[in-house]
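*Asks:* I would like to see how this sequence folds:
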Amino acid sequence: MYQDTNKIKSPPPIVFIIFFGLIAFGGYKFIPGLFKDKISDRSGAIATRMSLGNQILLTSQTTAEKQAGVTAFAKGDYKEAVQKFQASLQQNRNDPETVIYLNNARVSDRTSLKIAVSVPSGSNPNIAQEILRGVAQAQDEINTRGGINGVGLQVEIVNDNNRPEVAKEVAALLANDPKILAVIGHNDSNASLAAAPIYQEKKLVMITPTSSTNNLSGFGSYIFRTVPNSRSMTAPLAEYIVKQIGKSNIAFCYDSQAAGKASFKDEFIASLSASGGRLVPIVCDLSAPTFNPNTAIADAVSQGAQGLMVASHVDRIDRAIDLARANQGKLALYSSSTLYTFQTLKDGQKDVDGLVLPVPWHPETNPNNPFPKNASQRWGGVVNWRTATSFDATQAVIAGLGQSNTREGLQQALRNPNFSAAGSSEDVKFLPTGDRAGKPILVQVKQGGSTGYNFVPLR
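*Replies:* Residues are numbered from 1 along each chain as shown. As a prediction, the model looks like this:
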């Protein structure tokens, strides 16, 4: 009988059992390792955004001594790091990152309490420095006095670049570090909204000094801020526009990609209406690729607008300035507190002359408070509201840690209706929503100051 010699016999079942068993075992042993490597890679990438003093995040503020300081810090030679950071500050005292690293180095060889501050040091170094100055000043003052109940305060700086996706990763890493007792930040409202759920779930206090979006009000028991919410900022501005200077028809340009500005827009429209004003409907989105400042101004003027409200994202202030240039004095200009920056004055010049906006703080708010004078002496010039509210946020954390140096204890201290901390103008107190109790100040751009223009309180 013919037999096909090319026909291969099927192996016995035991071979298949062993084969698949080996595959399963390999998957069990090696696949988790692959995921672990990916997680480690991600953590490593985030680690390049974080520093207690082992690396420079604000590259615009670099000296040879500062570089030597971070090198020594990374090696654990804190005595050498202190000397180098001090030498760097002799050359450039207006560098808050170095002040923070110096304080960290001084207490690194002993027990300390650690917090973090998240800033956009890569995408917006000027705003990052404004925030860090407030944190650095509060840290330096408490450590100079001997620390919190005798224990020094360390501050870890984190760069989130105002990006929500990065803020999430940063928040997860900070929340899972039991040594971190609180976070000052984030700067941008979008970043704060992205990170807040993580902090709330992990029971880590977050105090943002700059995010005003209404969506953070009552967000969670661990979420606070030292800046008024959008509603508190828009009401006095709308009343001033309509009732004090008699301009009732206002057009609005805003950045739709900024959560804080969308919230500001909604609240301003409501406040404008409540004051007897009217919104002039124009299409003007500062974040749109088709944004044209000349078209926006022409549309507003043709529809009878008497004024223009501009709500810009802090990383896109240049578009607001383009709008001011195109305006050429045709419409009275108003803004959110975002435009309270050196860039606005330096680049805007006469085009922003007369601009009115609400801010949480101004150096002339309370002349008897020592903060403005101390800040001016330390940093070599007048600071702005972001530095003040960041100082206030850090002061609140310091006062809370003075009562309890645990995450839960800090949260309970801040939530106590009787809690208060010495602030940059008045005591820091929180409403049940986690918002700061207080009212904004209206300021106007007028001639004067180092740029030729300055922000002056309206009297």
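
*Asks:* Could you pull out the helices in the stretch 201-350 of the chain for me?
*Replies:* Here the stretch 201-350 of the chain has its helices, by DSSP state H, counting those that start in this stretch, at 230-239, 259-274, 293-302, 317-327, 342-348.

*Asks:* Could you pull out the strands in the stretch 351-459 of the chain for me?
*Replies:* Applying DSSP state E, counting those that start in this stretch to the stretch 351-459 of the chain gives strands spanning 356-359, 441-447, 453-457.

*Asks:* Can I get the longest one in CSV? Just the C-alpha atoms.
*Replies:* Right, strand 441-447. Taking Å, rounded to 0.1, in the frame of the first residue of the first chain, the C-alpha atoms of strand 441-447 are listed here in CSV:
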residue,chain,number,x,y,z
ILE,A,441,-8.3,95.8,43.6
LEU,A,442,-8.8,97.7,40.3
VAL,A,443,-5.6,99.0,38.7
GLN,A,444,-4.9,101.0,35.5
VAL,A,445,-1.9,101.3,33.2
LYS,A,446,-0.5,104.8,33.4
GLN,A,447,2.8,106.4,32.4
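
*Asks:* relative to helix 317-327, how tilted is that strand?
*Replies:* If you take axes from the mean of the first three to the mean of the last three Cα atoms, to 10 degrees, strand 441-447 sits at 60 degrees to helix 317-327.

*Asks:* can you offset everything so residue one is 57?
*Replies:* Yep, numbering from 57; the last one is strand 497-503 now.

*Asks:* now strand 497-503, how far from the chain's geometric center?
*Replies:* For strand 497-503, the separation from the chain centroid amounts to 23 Å (computed by Cα atoms, centre = their mean, to the nearest Å).

*Asks:* same question, the first one
*Replies:* A distance of 19 Å separates the centroid of the chain from that of strand 412-415, by Cα atoms, centre = their mean.

*Asks:* Now do it: which elements does it pack against?
*Replies:* helix 286-295, strand 388-391, strand 497-503 (3 or more Cβ pairs under 8 Å, 6 or more residues apart in numbering; DSSP states H and E). Where you see a C-beta, it was placed from the backbone N, CA and C, and this is true even at glycine.

*Asks:* Go through those and name the closest to Lys485.
*Replies:* Smallest distance to Lys485 across the helices and strands packed on strand 412-415 (Cβ to Cβ): 13.8 Å, for helix 286-295.

*Asks:* For that closest one, the averaged confidence score.
*Replies:* Mean pLDDT, computed over helix 286-295, is 93.

*Asks:* can I get the CA coordinates of that helix in CSV?
*Replies:* The C-alpha coordinates for helix 286-295 follow below in CSV (Å, rounded to 0.1, in the frame of the first residue of the first chain):
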residue,chain,number,x,y,z
SER,A,286,-13.6,84.6,38.6
ARG,A,287,-16.9,85.8,40.1
SER,A,288,-15.2,87.9,42.7
MET,A,289,-12.9,89.4,40.1
THR,A,290,-15.5,90.4,37.6
ALA,A,291,-18.2,92.1,39.7
PRO,A,292,-16.2,95.2,40.8
LEU,A,293,-14.8,95.6,37.3
ALA,A,294,-18.2,95.5,35.6
GLU,A,295,-19.6,97.9,38.1
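
*Asks:* and of the helices and strands packed on strand 412-415, who's closest to Thr346?
*Replies:* Closest to Thr346 of the helices and strands packed on strand 412-415 is strand 388-391 (Cβ to Cβ; 22.0 Å).

*Asks:* helices or strands up against the helix or strand harbouring Thr154?
*Replies:* Per DSSP states H and E: Thr154 is located in helix 152-163. Where contact means 3+ Cβ pairs under 8 Å, 6+ apart, helix 152-163 is packed against helix 120-131, helix 134-147, helix 181-200, strand 208-215.

*Asks:* In TSV: those, plus mean neighbour count.
*Replies:* Formatted as TSV, the helices and strands packed on helix 152-163 follow (neighbours: other Cβ atoms under 10 Å):
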stretch	mean neighbour count
helix 120-131	19
helix 134-147	19
helix 181-200	24
strand 208-215	24
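
*Asks:* gap between the two ends of stretch 340-348?
*Replies:* 8 Å (Cα to Cα, to the nearest Å).

*Asks:* Tell me where the stretch 157-306 of the chain is predicted with low confidence.
*Replies:* Within the stretch 157-306 of the chain, not a single segment meets pLDDT under 70.

*Asks:* Distance from the chain centre to stretch 391-408, please.
*Replies:* Counting by Cα atoms, centre = their mean, stretch 391-408 comes out at 19 Å from the chain centroid.

*Asks:* before we move on, what about stretch 242-257?
*Replies:* Distance of stretch 242-257 from its chain centroid, counting by Cα atoms, centre = their mean, is 10 Å.

*Asks:* try stretch 235-247
*Replies:* Computed by Cα atoms, centre = their mean, the chain-centroid distance of stretch 235-247 equals 7 Å.

*Asks:* With stretch 376-386 instead?
*Replies:* For stretch 376-386, the distance to the chain centre is 27 Å (Cα atoms, centre = their mean).

*Asks:* next one: stretch 114-127
*Replies:* 23 Å.

*Asks:* try stretch 251-263
*Replies:* Counting by Cα atoms, centre = their mean, stretch 251-263 comes out at 15 Å from the chain centroid.

*Asks:* and it, which residues are buried?
*Replies:* Ala251, Ala252, Ile254, Tyr255, Gln256, Lys258, Leu260, Val261, Met262, Ile263 (16 or more other Cβ atoms under 10 Å).

*Asks:* Kindly report the same for stretch 358-370.
*Replies:* For stretch 358-370, by 16+ other Cβ under 10 Å, it's Ala361, Gln362, Gly363, Leu364, Met365, Val366, Ala367, Ser368, His369, Val370.
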